[in-house]
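Trainee: pasting the sequence and the predicted model now:
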Amino acid sequence: MQLFTKVDLPNFSKKIDFDTVSLLLGSCFSDNIGKWLHEIKFNSLSNPFGTLYNPISVGNCLQHIINGTVFSEKDLCERKSQYFSYDFHGSFAGNDKKIVLEEMNTAVKNARNTLLNADYLFVTFGTAWAFELKGSSKLVANCHKMPSNTFNRRKLEVEEIVNVWDNLHDLLFEKFPKLDIVYTVSPIRHLKDGAIENMQSKATLFVALDKLLKKNIRVHYFPAYEIVQDELRDYRFYAKDMVHLSETATDFIKAKFTSAFFDKSTLEILKQIEDIVAASKHRPLHPESEEYKSFCNKMLVKIKSLELIYPNMDFSSEKTIFVKM
């Protein structure tokens, strides 16, 4: 008996393996999948500017990465002795402007180095609602807890989104000929916008993406939103706030991503890596026992065998744990 509506996954002929380089930008999908890919030793970088929600801010971030923008003091704002940039997430704010600028410029440099070698760019749109600085046409990536009267709130237009990303497609495919782009829409509802406004926002994103997806064969879509709406249509798959996804739901989407992008040989290596990562998180009752020391040595041997095949795979944190034991 089929108890839910199954969402068919696209056939991604270009698979992801441990030599694939991926850059992920945008909201929750990019955060969660990016952190997971990094943990299981894929060559990926997620949200170097921090979490971004609206398509124009994500596009501005990408433009800075393509250009290799160097931020200076003129790009900073100050509030209550905290320096920040409207192009970056609040995690970049601080009371020392030199440190803030160093962190911002390091983020741009790392992201550009990743993009130069990237096979995949994953882009997640969260909402079509955006905040514009009063007295200017600048859309901010983050409001940094500034007073609400600092901004005008508006819903982006479909053509506005399409025009920005059409231009970015032209630039990306010219500069990075091996790059493919995968879009997703965040399944997280922005209920602070209002239930009706959230639905209007998601509809705007879908219409814009429909136009973009028809224009280039190197532009794809992964149905994270649809998987949650149809295969996980139940509040038991949500966190206590009934907005964000539970760990079970996140794991389910990861499994779908795995099915879509990993081939058999990658899955075999992945199983070995997951065993090593899980073992490094285990805290034994008797860490001084010979049995546990032998277990750690076996893990180090497994790591060494993988490093011989993938010399750029970073097991430094796991090795630190196993060597100490």
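Mentor: Looks like it arrived, so ask away. Since we're looking at a predicted model, the values are computed, not measured.

Trainee: so which residues of the stretch 1-150 of the chain form strands?
Mentor: In the stretch 1-150 of the chain, the segments counted as strands under DSSP state E, counting those that start in this stretch are 21-26, 43-46, 77-79, 82-84, 120-125, 129-133, 139-140.

Trainee: of all those, which one is nearest L300?
Mentor: L300 sits nearest to strand 43-46 of all these, at 22.4 Å, using Cβ to Cβ. The way it works is simple: take the backbone N, C-alpha and C, and place the C-beta from them, glycine included.

Trainee: average model confidence for that closest one?
Mentor: The predicted model assigns strand 43-46 a mean pLDDT of 96.

Trainee: what about the helices in the stretch 101-250 of the chain?
Mentor: Assigned by DSSP state H, counting those that start in this stretch, the stretch 101-250 of the chain shows helices spanning 158-175, 195-213, 224-226, 247-261.

Trainee: would a markdown table of the ones you listed with mean pLDDT, mean neighbour count and distance to D87 be doable?
Mentor: Shown next, in a markdown table, are the helices of the stretch 101-250 of the chain (pLDDT from 0 to 100; neighbours: other Cβ atoms under 10 Å; distance: least, Cβ to Cβ, whole Å):
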| stretch | mean pLDDT | mean neighbour count | distance to D87 |
| --- | --- | --- | --- |
| helix 158-175 | 97 | 16 | 15 |
| helix 195-213 | 96 | 17 | 21 |
| helix 224-226 | 96 | 20 | 25 |
| helix 247-261 | 95 | 16 | 28 |
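
Trainee: dump these to JSON lines, plus distance to D17.
Mentor: As requested, the helices of the stretch 101-250 of the chain are exported to JSON lines (distance: least, Cβ to Cβ, whole Å):
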{"stretch": "helix 158-175", "distance to D17": "22"}
{"stretch": "helix 195-213", "distance to D17": "25"}
{"stretch": "helix 224-226", "distance to D17": "21"}
{"stretch": "helix 247-261", "distance to D17": "9"}
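
Trainee: tally of neighbours for the closest residue to R233 other than its chain neighbours?
Mentor: Nearest in space to R233, with sequence neighbours left out and distances taken as Cβ to Cβ, 6 or more residues apart in numbering, is F4 at 6.7 Å. The burial count assigned to F4 is 10, neighbours taken as other Cβ atoms under 10 Å.

Trainee: OK, contacts around F4?
Mentor: If a contact means Cβ atoms under 8 Å, 6 or more residues apart in numbering, then F4 has 230-233 as its contacts.

Trainee: what about D193, how many neighbours?
Mentor: D193 has 17 neighbouring residues, counting by other Cβ under 10 Å.

Trainee: how about it, what does it touch?
Mentor: 127, 129, 201.

Trainee: and what of Y183?
Mentor: Going by Cβ under 8 Å, 6+ apart, Y183 touches 122-125, 209, 212-213, 219-222.

Trainee: one more: I16?
Mentor: Going by Cβ under 8 Å, 6+ apart, I16 touches 22, 42, 119-120, 261-262, 266.

Trainee: gap between it and F257?
Mentor: Distance of I16 to F257, computed by Cβ to Cβ, to the nearest Å: 9 Å.

Trainee: quick one: H144 and K80 touch, right?
Mentor: No. Counting by Cβ atoms under 8 Å, H144 stays clear of K80, with 10.3 Å between them.

Trainee: looking at these two, which is more packed in?
Mentor: More crowded of H144 and K80, by other Cβ under 10 Å: H144, with 18 against 6.

Trainee: quick check: phi and psi on the more buried one?
Mentor: Phi and psi for H144, reported as degrees, to the nearest 10, are phi 50, psi 30.

Trainee: how about the nearest residue to it, chain neighbours excluded?
Mentor: Nearest one to H144, counting by Cβ to Cβ, 6+ apart, is F84 at 5.0 Å.

Trainee: so who does H38 touch?
Mentor: So H38 contacts 44-46 (Cβ under 8 Å, 6+ apart).

Trainee: just L300 next, same as before
Mentor: 319, 322-323.

Trainee: can you tell me how far E274 sits from T250?
Mentor: For E274, the distance to T250 - Cβ to Cβ - is 16 Å.

Trainee: local confidence estimate at E291?
Mentor: So, for E291, pLDDT stands at 91.

Trainee: now K6
Mentor: 89.

Trainee: next up, phi/psi of it, please.
Mentor: phi -80, psi 140.

Trainee: tell me the spacing between it and N32.
Mentor: For K6 relative to N32 (Cβ to Cβ), the value is 22 Å.

Trainee: go on, K240?
Mentor: Remark: distance between K240 and N32 (Cβ to Cβ) = 18 Å.

Trainee: circling back: who has more neighbours out of K6 and N32?
Mentor: In this view K6 and N32 are compared by other Cβ under 10 Å, and N32 has more residues nearby, 21 against 9.
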